[in-house]
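Participant: prediction below, plus the sequence it came from.
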Amino acid sequence: METKFIFVTGGVLSSLGKGICAASLGRLLKSRGFSVTIQKFDPYINIDPGTMNPFQHGEVFVTDDGGETDLDLGHYERFIDENLSKYNNFTSGQIYKNVIDNERKGLFLGETIQVIPHVTDEIKNCVKRTLQNKKVDMLITEIGGTVGDIESLPFLEAIRQFKKDVGKENVLYIHVTYVPYLKTSEELKTKPTQHSVKELRSIGIQPDIIVCRSEIKLKEDLKSKISLFCDIEKEAIIDAVDVNHIYQVPLNLYEEGFDSIVMYKLNLKYRPIDLRDWHELVNKINNLNGYVKIAIVGKYINLKDSYISIIEALNHAGYFWGKFINIKWINSEQLEIDSNCSKELSDIDGLLIPGGFGIRGIEGKVNAIKYVRENNIPFLGICLGMQCAVIEFARNVLNLSDANSSEFDKNTKNAVIDLLYDQKQIDKLGGTMRLGSYPCTLKKGTKAFSAYMKTSINERHRHRYELNNVYREIIENAGMIISGVYQEKNLAEIVEINNHNWFIGVQFHPEFKSRPERPHPLFREFINAAIRYSQNKD
Ligand code: GLN
């Protein structure tokens, strides 16, 4: 079938869950047998979020092909269960760069370059570029930001024009808005939605469907009111009431008839839906029993979005074992004094140290790792977390008291974590790390192997520094095993400790590949070990 283009815009305020809404629609359409992909446009000028502070932007999600992307791509992958590409996320910066590069090449033959048509044309090209990678029945495009923002305007103009380019029967506009609930008068207010739709119409876009995010359910009369003011059939006003967990959203939207109205408006023949797997997942989530306490020690803990894929991956493993994951967030700087660790960590069932950059909080992470290594508490170290585990081991087991990463101490004599030669040649920050999927070979008989149950795996990377091969032999001789290697360059990708309950550090980011119905093997086994640890404690 000809590809259908579904554009999702947001109104009233940000953080409405537009990404979850797009992802949920993707899941519903996929469950009806359509092939689906989802892309996101972000209106900021950065080329990608790779150089942005996690405090401002949350996690940087990494695709197989090495794209550093918006965290919404993580939701898309988890909901539609497809691996996406760097061509599923474009920023204003990227679009302007493409236009300016083409201007410098002389491709515009002397024209004056303007937002309309040159920037809008490039936006439309980027919509289609996603399809060059993979042709699908449905392309869902989420426009970041809120309607009314200056920087969203070129995107809205481009998607308005898009209808004429590909035919109106192939395009659908969905507007996600907020319907606030006023506690004092106990009523939901539709005015902000009316204004936001008015704004959208002033640009020339009449939404086909409105998704109303609200605290309580919208009554029929309210839907009628929105329908009247916004010129949309009542059936196309979809209620998205707050939920306990995001995986409930597709089921609620289905109950509201969301995907049916999408098919109807796109003139598509009815297809039955198979949501059995998703129902099973939600059923599991609603029947969790008991919990394990996992500490996450990091420095971006005030913005939980900085660790969103890690939180999700832990939850997926919890769903698998039927347990809640109770996350204890600990600021790494709080653990810089060794004695704080027993106070903070004595009640946990597992420790996870996530990725990160820069020296702040490193000593706290090293102290925390020493505590769990010595006390046999399950440990999963990711990227920087793995590097800290190697530093800790070198300092406290190999007695190399100045062991460090050259990221934190350029002059250390024992750089157990160091830059590879090709990274030393790089002078630009953006997009220059070791990025994307690389193969890794596992050693049989290790904990890593018994998690994956195969010798050949692929995982996603985002880092500059590596375990320094000079130290490999003495590290292994002292009991820290290198259980996974990237053979082409002989890089240590996984370390683990033999005589420990469960202690694994990985140079890659397993959290990006975990799916709600299929937890990542390392997260699954980490939580398994944490459950065993908590049971033995009682
Ligand atoms: N800062 C470390 C490096 O660049 C770790 C990066 C990470 O944790 N993603 O290698």
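Facilitator: On my side now, so go ahead.
Participant: centre of the chain to the worst-scoring helix or strand of the chain on mean pLDDT, how far?
Facilitator: Ranking every helix and strand in the chain by mean pLDDT, DSSP states H and E puts helix 421-424 at the bottom, with a mean of 75. Remark: helix 421-424 is offset 28 Å from the chain centroid, using Cα atoms, centre = their mean, to the nearest Å.
Participant: any idea of the mean pLDDT in the helix or strand following that helix?
Facilitator: Using DSSP states H and E, the helix or strand that directly follows helix 421-424 along the chain is strand 434-442. For strand 434-442, the mean pLDDT works out to 96.
Participant: likewise for stretch 295-308?
Facilitator: Stretch 295-308 comes out with an average pLDDT of 89.
Participant: indicate the residue of the stretch 101-250 of the chain located nearest to the ligand.
Facilitator: Per Cβ to the nearest ligand atom, Gly144 is where the stretch 101-250 of the chain lies closest to the ligand, at 23.5 Å. The way it works is simple: take the backbone N, C-alpha and C, and place the C-beta from them, glycine included.
Participant: ok, the closest residue to Ala403 other than its chain neighbours to the ligand distance?
Facilitator: What sits nearest to Ala403 in space, not counting adjacent residues and going by Cβ to Cβ, 6 or more residues apart in numbering, is Ala394, at 3.5 Å. Remark: distance between Ala394 and the ligand (Cβ to the nearest ligand atom, to the nearest Å) = 16 Å.
Participant: Ala394 - that's part of a helix, no?
Facilitator: Yes: per DSSP: H, G, I helix; E, B strand; the rest coil, Ala394 lies within a helix segment.
Participant: how about it, what does it touch?
Facilitator: Leu400, Ala403, Asn414, Val416, Tyr471, Ile475 (Cβ atoms under 8 Å, 6 or more residues apart in numbering).
Participant: let's go with 7 Å and repeat that
Facilitator: By Cβ atoms under 7 Å, 6 or more residues apart in numbering, the contact list for Ala394 reads Leu400, Ala403, Asn414, Val416, Tyr471.
Participant: how about Gln194?
Facilitator: By Cβ under 7 Å, 6+ apart, Gln194 lies in contact with Phe229, Cys230.
Participant: so which strand or helix has it?
Facilitator: helix 191-203.
Participant: returning to that earlier point: leaving out the residues flanking it, which one is nearest to the residue of the stretch 101-250 of the chain closest to the ligand?
Facilitator: Asp42 (4.2 Å).
Participant: one more: Val485?
Facilitator: Sequence neighbours aside, Thr441 is the residue nearest to Val485 in space, at 5.5 Å (criterion: Cβ to Cβ, 6+ apart).
Participant: beta partners of the one you found?
Facilitator: Going by DSSP bridges, Thr441 is paired in beta bridges with Ser456, Val485.
Participant: how many neighbours does the nearest residue to Gly11 once chain neighbours are set aside have?
Facilitator: Spatial nearest neighbour of Gly11, excluding adjacent residues (Cβ to Cβ, 6+ apart): Ser196 at 2.9 Å. Ser196 has 25 neighbours, counted by other Cβ atoms under 10 Å.
Participant: please name the residues that touch Ser196.
Facilitator: Gly11, Val12, Val147, Thr177.
Participant: taking those residues one by one, which sit in strands?
Facilitator: Cross-referencing those against strands under DSSP state E gives Thr177.
Participant: now, which of the contacts of Ser196 sits nearest Ser202?
Facilitator: Val147 (9.7 Å; Cβ to Cβ).
Participant: quick one, phi psi at that closest one?
Facilitator: phi -60, psi 130 (degrees, to the nearest 10).
Participant: surely it touches Thr9?
Facilitator: Yes: with contacts counted by Cβ atoms under 7 Å, Val147 reaches Thr9, the gap being 5.5 Å.
Participant: identify the contacts common to the two.
Facilitator: Shared contacts of Val147 and Thr9, counting by Cβ under 7 Å, 6+ apart, come down to Leu156, Leu200.
Participant: taking the centroid of this structure, which residue is nearest it?
Facilitator: The chain has Gly74 as the residue nearest its centroid, 3.1 Å off, counting by Cα atoms, centre = their mean.
Participant: in the stretch 351-500 of the chain, what spans have low per-residue confidence?
Facilitator: Counting by pLDDT under 70, the ranges of the stretch 351-500 of the chain that qualify are 421.
Participant: would you mind listing what in it touches the ligand?
Facilitator: Within reach of the ligand by Cβ under 6 Å from any ligand atom, the stretch 351-500 of the chain has these residues: Gly355, Gly356, Phe357, Cys383, Leu384, Glu407, Arg462, His463, Arg464, Tyr465.
Participant: for the record, mean pLDDT for stretch 38-49?
Facilitator: 93.
Participant: separation between Pro250 and Phe258?
Facilitator: Distance of Pro250 to Phe258, computed by Cβ to Cβ, to the nearest Å: 9 Å.
Participant: joint contacts of those two?
Facilitator: Leu28.
Participant: do you know how far the residue lying closest to Tyr452 once chain neighbours are set aside is from Gly431?
Facilitator: Distances taken as Cβ to Cβ, 6+ apart put Pro521 closest to Tyr452, at 4.9 Å, once the chain neighbours are dropped. Applying Cβ to Cβ, the value for Pro521 to Gly431 is 29 Å.
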